[in-house]
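>>> Quick one, fold the following:
(2 chains)
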Amino acid sequence: MEGLAVRSSVFPIEWGALAPLRLRARTVAEGVYAGPHRSIRKGAGVEFGGQRSYVPGDDLRFIDRRALLRHDKLMVREFETETDRALWLCVDATASMAYRGDGAPGAKYAYAALISAALARVALATGDPVGLGFVGGDGVRPLSASAGREAFDRVVGSLESAKASGDATADPHTVERAVGPIAKKARRGSVIVFLSDLLDLPERARPDLLPLGAGGRTLVVVQVLDPAEVDLPFSGSVRLRALEGDVVVEADVDEVRAAYKDRLAALTEGWTKDIEARGGRLVRAVTSEDATAVTRAVLRAIAEARA
Amino acid sequence: MTFLVAAALLVGLLVGAPIAAHLLRRRRAEERPFPAAALVPATPPTARRRSSLEDRLLFSVRSLSVLALAVLGATPFVRCNRLSLTRQTGASVALAIVIDDSLSMRAKVGDKAGPTRFERAKTGANELLRGLTSGDAVAIVLAGAPPRVLLAASTDLGAASAAIDGIEPSDRATDLDTALRLGGDLLKGLPQIDKRVVLLSDLADGDPAATPLAGTTDVALWAPLAEIEAKGEPDCAVVRAERAGTQVRVRVVCTPVLTIAEMPATASPSGTARAAAPNNAATGDGPSAGRSVQARAGERLLRTFALGPSVRTDEVTLDLPADAPEDVTVSLTGSDAIAEDDAAPVSALGAKLKVALVVDTAATHVETGGAPPVEQAFSALALDAETHPLPTVPDHADELAGYGALLVDDAPGFTPEVRRAVASWVEKGGVLFLTLGPKAAAAPLGAGFDPLVPGVVRWGASPSPGVEPQSFALLGPSAATLADLGPQGRASLEAEALANAEVLAKWKDGAPFLLRRSLGRGAVLALSLPLATTESDLALRPAFLAMLDRFVRIARARGGSPRVDAGDSWTFDGAKSVTVLREGSGGPNTRTKIPVIEADRRMRATPSLAGVYDVAIDGEHEVRVATVPEREIDLRPRPLVQSARDAHLGGAAGAVDVSAYVALVLLALATAELAIRAWTRARSEPPA
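Numbering: from 1, shown residues only, chains lettered A, B, ... in the order given. Modelled structure (predicted):
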């Protein structure tokens, strides 16, 4: 079962190396609880946030007496507050994510689950809540954003209980159903990480997914690919059957490899262009790559993304 | 199908082996799961492209090889639906194939969309030829009157096939007896023990009441094609259409109407099962019921005359309009068994053959009274000739000019004037039938028959009781009735008379009984017996009728009459160049040239199709007509002995040994596979 790979040694990950990492984003957060992130709200805090004219109802404790004496105007001093930043993880658990090529250590879903778990650990370490959603899959248990000691176990348990299955091409609303609850719950400043191979997704997946990057949210898409999908390592004449849909292609791989790579690159580039247009980032991960490095890359992409 | 056949053909199931191997090999390159399959461009795999053409060829060749092997195994037992003979002892056979090319063979087999009887007969002959092997002999005889030998007995099967392919249908009458006898004669002396005459005919020879056709002890008769046998189908024909001024005389002949009582007797004379005759026996209506005779000039209808319901023969006179053109065609409305005889062009000829008879009624008479036997015979024969009894032979050529034939019975010689007039008339195409008796032998001084019959005629007792029938074959079976003639005496001729003469019949001691001498364009027939009943009963015997019929035919052929039956010949003695063209319906460009054959210093042309002919004799053109023989318009079959249908002779589903052909196919397939493999290898090897 691919989900068990999160706590197994199929994909080696250095959990200790993740300890100093923090979830950082350029956007201000709209959290509920106090946290290390700048809050969209101003009020009691330690960082001076500027002055503004007094309006009735303002707390009289923040009237700037010096400005009143100097300019004879009622001015109020504002301070920035620090709040939590929710991390929403959405993992593609359709059948294509169950693919594991001959040279890969594990399935794509297992790898995506591990990256998700690593991101959740980083977020939870700083008190940020983590939510979880799935596209497709069997036995999935979406989680609302929560923090605390038990949150990591809930996230990992949910990732491990899911099994990659289902045909996304047969259901054009499958992505909408997965990201819809996240779009409603994710507040301004939330970070949404969508992990998928971006293959076999329905045509509506892109317009359903991209709005997650709006409204002050940070959208990072992690494209998880198997090494075989990157290199098309077969040789000679083969019949290739897609895991979703009824596509069967008979081709001489040696002849079409270059064209395939071009098409894959075009697909990735198309997603990248659309995501970056909304301030997001796309990170491409291959299951043969070091999961720690990929996690760092995702965190870096989160930090670079702008709302 | 026997067990061996089934077992051999089961080998053919192995044809599935290459198919299964091919499918299995295809499946080894099985599918692989690949999520990004949609991004992989679909291309015909190189492996398949490389092997597609040669693989398919090899696959086809191997499959065919397996099938051929199975058929080869079952070959000795394979039966196919084609005419083939059964070999009694496995030895070679000698066949005389008698193909009926008469008018009645133009009728269709089965429905109107099917082939004609003639075409089926040709197909059957070719099927028989394909069943023959090296060592078999075949002869081909055509049964249209007069029967002809198309190919003498030969082991050259290619020549036989070519001869059969060249046969064309004709409008001739049918003479099955002579054709079968010819076929039997052609097989005599051949080393093959198994000799057969194969009759491919509808058996409609116009004489359904005659004795059944049969083979001999040496030569078996086999009639394998029962489907082309005539069944008394209704048919009407325009046999003659002659124009005199504005009147057209049309002679229409129809097949006889069978009564219900007649049908079983005529429909199954040989005891074989036959379909009921299709004419309306219950109502008595014949094939002419509801039909009319129409005279047309192109698309213009000139006259119509409705026929009676049960016409057998009828003469119809149509009055044409005064402005009627020259080219007029007479046709019958409706349809019948033979469409080709339903129309005939109108010829501008009106005169029948006129035969002048000079007979001593005092010496040649019958006790019952009436006309002399020869006149009664002409009347009975209905030879479409007008007889004119004359008291004496005219001594002026102009008086004979209107006659085509002259019969003189035992004249006491001719005076010089008569001899000159008759000789001049004969040289222009007349035919003289001269019977010689005691009066001819007692010619007065100065009288004789020179140059018609040179020399002196003598009369004496006959040392021989009768005529040798074999020498008189042209009379057919009736010649046998002259074998015991027993005359009171007979005339004898000098050797001078026999020079340049053709002896048509001999007495049993070898003396000439009937001879023919050609003189100019005409001929003289000299018979060594008179017609007087006091000397012999020759005039009362059936052979005499056949002799008269022959006489009239010769007269017509010699130009005495411009109209002959299709199949009869025109003879042009004394002519240096003769051209015969058959007028087509489409104008001068559709004329067909008829071959003129010169044999025994005599030029002869035989029109096998009815119609109008343009005959040019030494540059002088004249119009002659070939008509449909009346006796051919009778589609009742001649009886046939039951043994001619025996299955042991062969049939339409006989065993055919095709192993040689199958083996050749197998060899060709093996060669093809080798060639394909060599070609494939040459393609796959990289260039040096």
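>>> CA only for contacts and neighbour counts going forward, please
Will do.
>>> what residues does whatever helix or strand residue B:294 lives in touch?
Assigned by DSSP states H and E, residue B:294 belongs to strand B:292-297. Identification of contacts with strand B:292-297 by Cα atoms under 8 Å, 6 or more residues apart in numbering or on different chains yields B:301-307, B:318, B:324-325, B:327-334.
>>> Please flag which of those residues sit within helices.
Using DSSP state H, no member of the contacts of strand B:292-297 falls within helices.
>>> Return the members of these classed as buried.
Using 16 or more other Cα atoms under 10 Å in any protein chain shown as the burial test, the contacts of strand B:292-297 include B:302-304, B:307, B:318, B:328-333 as buried.
>>> Looking at those residues, which one is closest to chain A?
Of all the buried ones among the contacts of strand B:292-297, chain A sits closest to residue B:333, with 70.9 Å by Cα to the nearest Cα.
>>> returning to what we had before: determine which two of the buried ones among the contacts of strand B:292-297 are furthest apart.
B:307 and B:328 (19.4 Å; Cα to Cα).
>>> helices and strands of the chain: which one bottoms out on pLDDT?
Going with chain A. Ranked by mean pLDDT, DSSP states H and E, the weakest helix or strand in chain A is strand A:34-53, scoring a mean of 60.
>>> Chain B was what I was after
That would be, for chain B by mean pLDDT, DSSP H and E, helix B:262-267 at a mean of 43.
>>> shaky segments in chain A?
Across chain A, the ranges flagged by pLDDT under 70 are A:1-10, A:16-49, A:80-84, A:306-307.
>>> Tell me if I'm right that residue B:227 and residue B:109 touch.
Yes - at 7.0 Å, residue B:227 and residue B:109 qualify as touching, with contact defined as Cα atoms under 8 Å.
>>> Give me the next element, helix or strand, following the one helix or strand residue B:96 maps to.
For residue B:96, the host element (DSSP H and E) is strand B:93-99. Per DSSP H and E, strand B:93-99 leads on to helix B:117-130 as the next helix or strand towards the C-terminus.
>>> hmm, who's touching that following helix?
B:82-85, B:97, B:99-101, B:105-109, B:157, B:160-161, B:164-165, B:169, B:200-202, B:225, B:228.
>>> redo that, cut-off 7 Å
Contact with helix B:117-130 is made by B:82-85, B:99, B:101, B:105-109, B:157, B:161, B:164, B:169, B:200, B:228, as judged by Cα atoms under 7 Å, 6 or more residues apart in numbering or on different chains.
>>> What of stretch B:133-144?
Contacts for stretch B:133-144 (Cα under 7 Å, 6+ apart): B:92-102, B:147-155, B:172-176, B:179, B:183, B:186.
>>> Now do stretch B:612-627: distance from first to last residue.
One end of stretch B:612-627 to the other measures 9 Å (Cα to Cα, to the nearest Å).
>>> The residue nearest the centre of chain B and residue B:554, how far apart?
Residue closest to the mean C-alpha point of chain B, counted by Cα atoms, centre = their mean, is residue B:144 at 1.3 Å. To residue B:554, residue B:144 is 18 Å away according to Cα to Cα.
>>> Could you do residue B:325 as well?
34 Å.
>>> Now do the same for residue B:474: helix, strand or coil?
Of the three states, residue B:474 takes helix under DSSP: H, G, I helix; E, B strand; the rest coil.
>>> what number of residues lie near it?
Using other Cα atoms under 10 Å in any protein chain shown, residue B:474 is surrounded by 17 other residues.
>>> what's the pLDDT at it?
We have a pLDDT of 71 for residue B:474.
>>> can you tell me how far it sits from residue B:102?
19 Å.
>>> How are the helices of the stretch 151-300 of chain A distributed by residue range?
A:174-185, A:205-209, A:227-231, A:253-277, A:291-304 (DSSP state H, counting those that start in this stretch).
>>> and residue B:233, which of these is closest to it?
helix A:253-277 (76.0 Å).
>>> mind listing what's buried in the closest one?
A:253, A:255-257, A:260-261, A:263-264, A:268, A:271-272, A:274-276.
>>> and for it, what are the contacting residues?
A:210, A:232, A:234-237, A:281-282, B:39-41.
>>> How about the contacts made by the spatially most central residue of chain A?
For chain A, residue A:193 is the residue whose C-alpha lies nearest the centre (Cα atoms, centre = their mean; 0.6 Å). Residue A:193 makes contact with A:88-90, A:219-221, according to Cα under 7 Å, 6+ apart.
>>> Residues of chain A that sit close to chain B?
Within chain A, the positions near chain B by Cα under 7 Å from any Cα of the partner chain are A:96, A:199, A:229, A:237-243, A:247-252, A:256, A:260, A:263-264.
>>> Now intersect these with the strands, please.
Of the positions in these, A:237-241, A:248-252 sit in strands, assigned by DSSP state E.
>>> on that earlier part again, ok, and which of the contacts of strand B:292-297 reach chain A?
Okay, of the contacts of strand B:292-297, nothing touches chain A (Cα under 7 Å from any Cα).
>>> Show only the entries of these found in strands.
B:301-306, B:318, B:329-332.
>>> For those, work out which two are farthest apart.
Pairwise over these, using Cα to Cα, the maximum falls at B:306 and B:329, 16.4 Å.
>>> Please list all residues in contact with the closest residue to residue B:386 other than its chain neighbours.
Counting by Cα to Cα, 6 or more residues apart in numbering or on different chains, residue B:354 is the residue found nearest to residue B:386 once chain neighbours are left out, at 4.8 Å. By Cα under 7 Å, 6+ apart, the residues touching residue B:354 are B:385-387, B:403-405.
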